[in-house]
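1. Structure of the sequence below:
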Amino acid sequence: MGGSTGYIVMPSAEIAPRAHNSSVTTAYSATLTNGQAVHIPSLTVALSDELEVNAAVDIATNVDLLINGKYQISKKGSTSFAAGLLAQVSDITNSNDLSAQIYGVSTFENNIMDFPSKTSLLLGYTFKQNLNTNINFAMGFETPIFRETFHDNVVFIMDFGNVSYSTTPSAGDADDRGLINIGLRLLPVEFLQSTYFGFDIRALDLFDSNGRAISLAASISFRP
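-> Residues are numbered from 1 along each chain as shown. Purely as a prediction, here's the structure:
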């Protein structure tokens, strides 16, 4: 939701795919929570096979700006490791509250009951006062479903931890305990030359009535 390549609220160690030149992905998330609509447009640019930058705007009662950079430090076989920095400006029309998250994340492929899966582990630190904890941890999981029907193009995704896509998320809230999010994702499919479409349907913060939400998202990627 914050714009970076990954799961629902947490990034993975993977970089947005590209062909020969930099790829560009535009995305939009519409989320319903607590009687309000949250809009999150985002833009991701993969500058190389190791580096992506992205920006997202979280538009609800307040407007937040999120800017993220992620560098894939290593990739050996099916295991990759990346480090990232997420800078945030919360309530840019009034308080301009600044915060930042640094993180390291590892993504690896595995098999669960003969299903090919990807798992990611994240550990980070948030630079912001008045948090219950500044140490961040999260886990993400992805596996294809109904493989014969969808030909591995639809996956189940889940992430959980004590961190959301920002320090002041408009949907989902990790204060005092963790949060768990699940969803279905149509992996990007080519519908025009070098142009791909993807789609998500997601349920956020399932075990907390204050943060629970339903989210839909669509993305269009250009990979020249």
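2. rest of the way, CA atoms for contacts and neighbours
-> Fine.
3. The helix or strand that contains S42 pairs with which strands, and in what direction?
-> Per DSSP states H and E: S42 is located in strand 36-46. Sheet pairing for strand 36-46, assigned by DSSP bridges, gives strand 23-33 (antiparallel), strand 51-59 (antiparallel).
4. And the contacts of the longest one?
-> Outside of strand 23-33, the residues within contact range by Cα atoms under 8 Å, 6 or more residues apart in numbering are 1, 3, 16-17, 37-47, 171, 211-224.
5. If you go by neighbour count, which of those residues are buried?
-> Buried residues within the contacts of strand 23-33, counting neighbours by 16 or more other Cα atoms under 10 Å: 1, 3, 16-17, 37-47, 171, 211-223.
6. got the buried residues for the host helix or strand of I102?
-> I102 belongs to strand 97-112 when assigned by DSSP H and E. For strand 97-112, a neighbour-count test (16+ other Cα under 10 Å) marks 98-109 as buried.
7. What is the subsequent helix or strand relative to it?
-> Next along from strand 97-112, by DSSP H and E: strand 115-127.
8. Just the CA coordinates for that following strand, please, in CSV.
-> Output of strand 115-127 as CSV, limited to C-alpha atoms (Å, rounded to 0.1, in the frame of the first residue of the first chain):
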residue,chain,number,x,y,z
PHE,A,115,3.0,-25.7,-3.1
PRO,A,116,5.8,-23.3,-4.3
SER,A,117,5.8,-20.3,-2.0
LYS,A,118,7.7,-17.2,-1.2
THR,A,119,8.4,-16.0,2.3
SER,A,120,9.9,-12.6,3.5
LEU,A,121,11.3,-11.6,6.9
LEU,A,122,11.7,-7.9,7.7
LEU,A,123,13.5,-6.2,10.6
GLY,A,124,13.8,-2.4,10.9
TYR,A,125,13.7,0.7,13.1
THR,A,126,11.4,3.7,13.0
PHE,A,127,12.7,7.2,13.8
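9. Sounds good, over and out.
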